[in-house]
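1. Okay, predicted coordinates and the sequence, questions at the end:
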Amino acid sequence: MTLTFSVADTTIHRIVEQETTFLPAREMFPELTPEMLASQRSALQAAHALDAQDTLILCFQSYVVKTPHHTILIDSCIGNDKPRARPVWNLKTDATYMRALAAAGVSVDDIDVVMCTHLHTDHVGWNTRLDNGRWVPTFPNARYVFAQREYDYWVAQNAKAEVPAFADSVLPVVEAQRADIVSDEFSIGDHVRLLPTPGHTPGHVAMAVGKGRDDAVFSGDLMHSPLQLSFPELSPKFDVDPVQAAVTRRAFLERYCDTATLCCTAHFPSPSVGRIRRNGDGFACEAV
Ligand SMILES: [Zn+2]
């Protein structure tokens with residue numbers, strides 16, 4: 001399994017926490033017809049993106065990005081000790097994530113910036129860890145970057161009914177004064193930029209890395225499965241605005257299609273990373 005990629009002056013490490021079956025494809029994508037699925041079944045199975053029961057296989061991971069000046073964690077995955085609806089996430093205590101971080105040669109002290117593409121459970125989990133019954137920032141030297149529009153949306157949702165991931169993995173970071181709530185124009189030097197990509201959530205941002213050009217892009221949850229490369233209009237049932245998400249997805253794929261930009265997905269099965277190429281009316285992700 002390829003875990004490390006280099007582009008220009010930047011090194012990218014995948015930090016994999018889980019790679020496993022998720023939801024039946026036709027449950028996750030309500031507009032996926034049996035005929036559409038049949039046309040892709042063998043290719044998806046060959047790519048380990050679909051099992052024999054038509055259940056999608058997803059990877060859950062973070063990326064560590066080392067630029068000449070910063071060590072950045074993009075998304076913080078699932079986390080430990082957290083009450084969650086999904087059984088394989090609920091109150092788990094395994095050492096997989098911390099072992100993967102160590103294998104990449106990174107300690108929690110080394111992370112300068114944690115950046116979340118959006119504030120769903122599987123992108124904020126390791127923002128905090130349990131310490132004597134309290135949630136404290138996992139990365140003691142890091143600033144945590146949240147997009148303003150995304151943060152505001154979850155403040156409003158959490159006011160209606162508590163959102164566990166927001167309450168235990170975002171608010172404690174804000175209370176510890178480690179958070180930077182930023183506009184879409186935020187950048188880190190000339191190496192890291194936000195790309196507003198709304199739809200999955202209202203303030204979702206992808207992230208582009210590279211000096212003066214996009215050497216790599218981190219797509220977050222603007223897509224979840226290679227199935228959406230064949231059918232970019234397919235939005236999963238948990239996109240907040242599925243129509244906007246479909247527009248965003250196709251625009252993103254068009255923007256990076258047939259370029260040298262390395263596309264680092266949050267959830268595609270391993271290797272999860274590749275270059276976007278045109279394939280008929282849709283796209284493909286070419287492994288590197
Ligand atoms: Zn996700």
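-> Happy to help now that I have it.

2. residues from this protein in reach of the ion?
-> Residues of the chain lying close to the ion by C-beta under 5 Å from the ion are Asp122, Asp221. For every residue, glycine as well, the C-beta is placed using N, CA and C.

3. What strands line up against the helix or strand of the chain with the lowest mean pLDDT, and which way round?
-> Each helix and strand of the chain was given a mean pLDDT (mean pLDDT, DSSP states H and E); the minimum falls on strand 187-188 at a mean of 94. Here strand 187-188 is paired, per DSSP bridges, with strand 192-196 (antiparallel).

4. Just the CA trace of the next helix or strand after the partner strand, in PDB.
-> From strand 192-196 onward toward the C-terminus, using DSSP states H and E, the following helix or strand is strand 205-209. Extracted as PDB, the C-alpha positions of strand 205-209 are listed here (Å, rounded to 0.1, in the frame of the first residue of the first chain):
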ATOM      1  CA  VAL A 205     -13.600  23.400   1.500                       C
ATOM      2  CA  ALA A 206     -11.100  21.400  -0.500                       C
ATOM      3  CA  MET A 207      -7.400  22.300  -0.100                       C
ATOM      4  CA  ALA A 208      -4.800  23.100  -2.700                       C
ATOM      5  CA  VAL A 209      -1.100  22.700  -1.900                       C
END
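
5. neighbouring contacts of the least confident helix or strand of the chain?
-> Thr67, His69, His70, Ile72, Val113, Arg193, Leu194 (C-beta atoms under 8 Å, 6 or more residues apart in numbering).

6. Include secondary structure and pLDDT when you put the residues you listed into CSV, please.
-> Shown next, in CSV, are these (DSSP: H, G, I helix; E, B strand; the rest coil; pLDDT from 0 to 100):
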residue, secondary structure, pLDDT
Thr67, coil, 95
His69, coil, 94
His70, coil, 96
Ile72, strand, 98
Val113, strand, 98
Arg193, strand, 97
Leu194, strand, 98
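
7. residue ranges for the strands of the stretch 101-250 of the chain, please.
-> 113-115, 128-131, 134-137, 143-147, 179-182, 187-188, 192-196, 205-209, 216-218 (DSSP state E, counting those that start in this stretch).

8. Tell me which of those strands sits nearest to Asp241.
-> Nearest to Asp241 among the strands of the stretch 101-250 of the chain is strand 192-196; the distance by C-beta to C-beta comes to 13.2 Å.

9. Check the gap between Ser272 and Ala25 for me.
-> In this view, Ser272 and Ala25 are 18 Å apart by C-beta to C-beta, to the nearest Å.

10. let me fix that: Ser6
-> 34 Å.

11. Identify the residue spatially nearest to Phe60, adjacent ones excluded.
-> Gln18 (4.5 Å; C-beta to C-beta, 6 or more residues apart in numbering).

12. Quick check: the one you found touching Thr96?
-> Yes - Gln18 lies in contact with Thr96 (C-beta atoms under 8 Å); the separation is 7.4 Å.

13. tally of neighbours for the nearest residue to His69 once chain neighbours are set aside?
-> The shortest distance from His69 to any residue other than its chain neighbours is 6.0 Å, reached at Gly189 (C-beta to C-beta, 6+ apart). Look at Gly189: counted by other C-beta atoms under 10 Å, it has 10 neighbours.

14. quick one: contacts for Gly189?
-> Neighbours of Gly189 in contact, by C-beta under 8 Å, 6+ apart: Thr67, His69, His70.

15. Could you pull up the contacting residues of the last one?
-> Going by C-beta under 8 Å, 6+ apart, His70 touches Asp112, Val113, Ile188, Gly189, His191, Val192.

16. Swap in 6 Å and give it another go.
-> Counting by C-beta atoms under 6 Å, 6 or more residues apart in numbering, His70 makes contact with Asp112, Val113.

17. From the ion, how far out is it?
-> Using C-beta to the ion, to the nearest Å, His70 is found at 24 Å from the ion.

18. ok, the closest residue to Asp152 other than its chain neighbours - how many residues close by?
-> Nearest residue to Asp152, sequence neighbours excluded (C-beta to C-beta, 6+ apart): Gly203, at 7.2 Å. Neighbour count of Gly203, defined by other C-beta under 10 Å: 23.

19. so for the helix or strand where Ile57 lies, what's the average pLDDT?
-> In this structure, Ile57 is located in strand 55-66 according to DSSP H and E. Mean pLDDT, computed over strand 55-66, is 98.
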